[in-house]
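**Q** The sequence and its predicted three-dimensional model are supplied below.
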Amino acid sequence: MATIALKPDVLRWARERAGLDVPALAKKVGTKPEKVQVWEQTGELTFGHAEKLAHHTHTPIGHLFLVDPPEDRLPIPDFRTVGDRPVRRPSPELLDTVQAMQRRQSWMRDDLIEEGQPPLAFVGSRPLNDIPDAVAADILKVLGLERDWARGQSTWENALVELRHRVEAAGILIVINGVVGNNTHRPLETEEFRGFALCDAHAPLVFINGSDAKGAQMFTIAHELAHLWIGQDGVSNFEALQPGSAAPEQFCNKVAAEFLVPEAVLRECWQEAARQTEPYQYLARRFKISPLVAARRALDLALISRDAFFTFYREYQDDDRRVRDSREGGGDFFKVQNVRVGERFGRAVVRAAKAGRLLYRDAFQLTGLSGATFDKYARSLGFDTP
């Protein structure tokens, strides 16, 4: 079979960016590891194997014909740094997710403008040198929530659902997903990112990595909302809840902490918490946050020492309980889609498709649902379908 000549460095780049070693790629494309090594030494392979390589590394086929490996860059600011350490190259999963959300946002923005919807006043309404407590109070006001609102929620799940509904009601698109689209073979790693924000006066969007525990998702939502209030796009990650050195990350963490665990409320209940065998678990249940967020907030308010915090942090990382409340889980497929697609966005797409303002082909692409599955999703939202 005829071969084509590509650049070995580009073939190696495609494999490495997908996080695959030589044996793993060989298994996916149905050949021997020695064959993959030859490709990466000579650049010679069949077009059929090039197509398989592109498919399994989630690389556009055209990129394999480049002279030099392209530089993978996120299209929005990358705040995934801790201290002075370099950030890892974004994975194909993260890149594809950001780009998919940008497409959703772009369509939603145009649709809202066409419908005559005014811009949202809160997007970019606060300067970076504002008082974090004041910004947290404003977010609560816009969402129609009282301070310490989560105390009235019986479970983490209920608190997360309530917050998600409030966010959507305020005009913000919110997506919580632990995989790329509906592809369970392409998980989103929490070690790479926890969430990101895309600012827009008409269709602001926050994306939350659904692979994270629900208590941790609460903090990420609050953090990304703060990004909208200061009008700053960005991808975020937290190690020991320590943001990168960038000023927006530091500010948004402070806003999120006050939003979820108001200082005055924490100081009122600290003595009771300190008497518990597991004080941070106690606070986590009260505020519907992760125990790590509770401990970090106690550290920031000088209620505990850094040694005490990092001792707990190390123990927490080794504790199986930290993943038990996690993740999207199973359940009704179409209820899951309201989280992965976003009910507000899903309704807008279905409405536009039924009105003839959006091709069904484009509706399928925007939602990641097609054919009969899209029709069933529309019916789950209360729309009649043919």
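**A** Now that the structure is in, tell me what you want to look at.

**Q** in the stretch 101-250 of the chain, which spans are helices?
**A** Under the criterion DSSP state H, counting those that start in this stretch, the stretch 101-250 of the chain carries helices at the ranges 132-143, 156-169, 214-230, 247-260.

**Q** Present the ones you listed as a markdown table; the columns should include distance to F312.
**A** Bear in mind the C-beta positions are built from the backbone N, C-alpha and C, glycine included. Below are the helices of the stretch 101-250 of the chain laid out as a markdown table (distance: least, Cβ to Cβ, whole Å):
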| stretch | distance to F312 |
| --- | --- |
| helix 132-143 | 24 |
| helix 156-169 | 19 |
| helix 214-230 | 15 |
| helix 247-260 | 17 |
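
**Q** closest one to G346 among the ones you listed?
**A** Taking Cβ to Cβ, helix 156-169 is the member of the helices of the stretch 101-250 of the chain nearest to G346, at 10.5 Å.

**Q** Identify the residues contacting that closest one?
**A** By Cβ atoms under 8 Å, 6 or more residues apart in numbering, the residues outside helix 156-169 that reach it are 143-145, 149-150, 153, 174, 176, 206, 214-215, 217-218, 221, 225, 288, 325, 339, 342-344.

**Q** so which of the helices of the stretch 101-250 of the chain comes closest to A378?
**A** Closest to A378 of the helices of the stretch 101-250 of the chain, according to Cβ to Cβ: helix 156-169, at 17.9 Å.

**Q** May I have the closest one exported as CSV, CA atoms only?
**A** Provided in CSV are the C-alpha atoms of helix 156-169 (Å, rounded to 0.1, in the frame of the first residue of the first chain):
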residue,chain,number,x,y,z
TRP,A,156,-24.7,18.9,48.5
GLU,A,157,-26.7,17.8,45.5
ASN,A,158,-29.6,20.0,46.4
ALA,A,159,-27.3,23.0,47.0
LEU,A,160,-25.6,22.5,43.7
VAL,A,161,-28.9,22.2,41.8
GLU,A,162,-30.3,25.3,43.6
LEU,A,163,-27.2,27.3,42.7
ARG,A,164,-27.2,26.1,39.1
HIS,A,165,-30.9,27.1,38.7
ARG,A,166,-30.2,30.5,40.2
VAL,A,167,-27.2,31.1,37.9
GLU,A,168,-29.3,30.2,34.8
ALA,A,169,-32.2,32.4,36.0
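
**Q** List the buried residues in it.
**A** By neighbour count on 16 or more other Cβ atoms under 10 Å, the buried set for helix 156-169 is 156, 159-160, 162-164, 166-168.

**Q** Looking at those residues, spot the one nearest P118.
**A** E168 (17.5 Å).

**Q** What's the PyMOL syntax to select whichever of the contacts of helix 156-169 are buried?
**A** Here is the PyMOL command that selects only those of those that count as buried (16+ other Cβ under 10 Å):
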select buried, resi 143+149+150+153+174+176+206+214+215+217+218+221+225+288+325+339+342+343+344
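
**Q** That concludes my questions; thank you for your assistance.
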